[in-house]
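Asker: give me a model of this one.
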Amino acid sequence: MNQKIKSYVGFAIKSGHSKIGTDNILKSKNIKVIVICSNLSDNAKRKIANFSAAPILVKDGVLPDGVLALGVTDSSLASAIISANNGECE
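Answerer: I've put the predicted structure just below:
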């Protein structure tokens, strides 16, 4: 499951359908799903949760090194990420 999500995240990054980092996510209006690491600060988690109605997926080991938050802007990739997580989001 994590490997599929990691692959979809990689596709989103390579195709330019992602926003990396809390500030970039908060500036974007077309985020379809947000993937965050569990060690993201509570303040950043709260900001992201208050920002958008986009589903939030907390997963460790699926984002590239140094990335703690990523927003996916492509709806088909977002659907694939949610499906790979058995439809479970926060």
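
Asker: residue farthest from the centroid of the protein?
Answerer: Distance from the C-alpha centroid of the chain, by CA atoms, centre = their mean, peaks at Asn43 (16.7 Å).

Asker: partners of the nearest residue to Ala12 once chain neighbours are set aside in the sheet?
Answerer: The shortest distance from Ala12 to any non-neighbouring residue, by CB to CB, 6 or more residues apart in numbering, is to Ser18 (4.2 Å). Using the backbone N, CA and C atoms, a C-beta is placed for each residue, glycine as well. Beta-bridge partners recorded for Ser18 (DSSP bridges): Val72.

Asker: spit out the contact partners of Ser18.
Answerer: Residues in contact with Ser18 (CB atoms under 8 Å, 6 or more residues apart in numbering) are Val9, Ala12, Leu70, Gly71, Val72, Thr73.

Asker: packing partners of the longest helix seen in the chain?
Answerer: Determined from DSSP state H, the single longest helix within the chain is helix 2-14. Packing partners of helix 2-14 (3 or more CB pairs under 8 Å, 6 or more residues apart in numbering; DSSP states H and E): strand 18-20, strand 69-72, helix 75-84.

Asker: I'd say Gly71 and Ala54 touch.
Answerer: Yes - counting by CB atoms under 8 Å, Ala54 is a contact partner of Gly71 at 7.2 Å.

Asker: the two: which is more packed in?
Answerer: Neighbour count, other CB atoms under 10 Å: between Gly71 and Ala54, Gly71 has more, with 29 against 20.

Asker: tally of neighbours for Ser41?
Answerer: Other residues lying near Ser41 total 11 when counted by other CB under 10 Å.

Asker: make 3 the starting number, not 1.
Answerer: Understood, numbering begins at 3; the last thing we discussed is Ser43.
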